[in-house]
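> Curious how this folds, go ahead:
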Amino acid sequence: SVKIWYYHSLFTYNTSHAPMIRPYLVDAINKGRWLGVCPSVCAIVGYWVPFTGPQFIHQRMNEFVDKKLSGLLGYAVPRISHCAFNTEAAAEWSWNAKGRSPREFALSWAVRQGLKDPEKFADWTEANGPVAWDMYGSEYPSGERRKVPGKAAEMLKEGKLPELGSALWDVYRYPWGEIRNAEQLDRDVAQAQRAVELARELGEPMFVQESLVTQGFIKTLKALWQLKALVRSGRVDEADRPAAGRYFRMYIDGLTQAAAALTAWEASLPAQPAHEHLTKEPVKLLEEMADQMRSVAAELGCEVK
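Down below sits the predicted model:
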């Protein structure tokens, strides 16, 4: 018999909250066809960032099991060491989807890793994981590399930033398609701060740096949302320039924080080769994004202190 593997770069290599398996595929399964899927279990394919996401993996694997898929080829890049937690979680829930909850799995993983406070680690995954899922599901910041819908700084200047929760053609969610409203954005900012605090209490450098990456990114999205309201028709009213300057600074500082934490996160990974710097390209992109926003701030007459 012929086996079918479902792969689509846009629809299977993503971190969206949306269901992955289309109705026509479910129909094929119900007619007796063997179907497998090739999803990513990392944060973003081709852009190396940390993502300890039990909530994300739990939802994905439960969808696959509920729809009666027969095979899984999880894409864990660039190395298993960079997404070891998610890879093990995929193995857990593809085998026993209705077993442990995301928190229970996080607890068991922490015990196996010998972490000093498994309960606090589980608390941390509940604070950090959903925020990271919102951002990476929105292809933030990797969507900056796509021509569609465009670069954040240019969209801001040209008044083309989408509304929160927007997904162009139901595909391109950059920069905040998984964040439905301002309340969710504010909640993510608060949870990211809580995650940083919990990680520092845990005292594990890998999770401290992951938390700082997450916090840096969500701060830039908060700043960008505030700037969207202040930049109108390619200009900022003189009375709004001090506030805009603060948000331009918040945006740039968030990217700077994330870039530094990315490098430190990679260095903290177990058995990481000293000569290998896989986060070099992501860091370069963040630096370019910061430079572009500085230029836009200057064009709009906003002082970035």
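> Can you list the residue ranges for helices in the stretch 1-150 of the chain?
Taking DSSP state H, counting those that start in this stretch as the criterion, the stretch 1-150 of the chain carries its helices at 23-30, 54-66, 84-95, 102-113, 118-137.
> avg pLDDT for stretch 64-73?
Averaged across stretch 64-73, pLDDT comes to 97.
> Please read the previous query as pertaining to stretch 24-44.
Stretch 24-44 comes out at a mean pLDDT of 96.
> one step back: of the helices of the stretch 1-150 of the chain, flag the one that's most buried.
Highest mean neighbour count of these: helix 118-137, a mean of 23 (counted as mean count of other Cβ atoms under 10 Å). (Each C-beta comes from the backbone N, C-alpha and C, glycine too.)
> any residues touching stretch 202-215, and which ones?
49-52, 115-117, 120-121, 124, 128, 131-132, 135, 192-193, 195-196, 198-200, 254, 257-258, 260-262, 264-265, 268-269 (Cβ atoms under 8 Å, 6 or more residues apart in numbering).
> filter these to the buried ones?
Listed as buried from these are 49-52, 115, 120-121, 124, 128, 131-132, 135, 192-193, 195-196, 198-199, 254, 257-258, 260-262, 264-265, 268-269; burial here means 16 or more other Cβ atoms under 10 Å.
> re earlier: let's have the helices of the stretch 1-150 of the chain in CSV, adding distance to residue 169.
Listed next are these as CSV, based on distance: least, Cβ to Cβ, whole Å:
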stretch, distance to residue 169
helix 23-30, 18
helix 54-66, 22
helix 84-95, 27
helix 102-113, 31
helix 118-137, 16
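> my guess is residue 149 meets residue 160, correct?
Yes: counting by Cβ atoms under 8 Å, residue 160 is a contact partner of residue 149 at 7.3 Å.
> For those two, indicate the residue with more neighbours.
When neighbours are counted by other Cβ atoms under 10 Å, residue 149 and residue 160 differ, and residue 149 comes out ahead with 21 against 11.
> Local confidence estimate at the more buried one?
At residue 149, pLDDT is 94.
> Now do the contacts for it.
143, 155, 160, 162, 168, 172, 174.
> go on, residue 133?
So residue 133 contacts 15, 17, 51, 53, 55, 56, 178 (Cβ under 8 Å, 6+ apart).
> Looking at these, spot the one nearest residue 278.
Nearest to residue 278 among these is residue 51, at 14.3 Å by Cβ to Cβ.
> C-terminal to the helix or strand hosting residue 194, what's the next element?
Per DSSP states H and E: residue 194 is located in helix 182-202. Where DSSP H and E defines the elements, the next helix or strand beyond helix 182-202 is helix 205-230.
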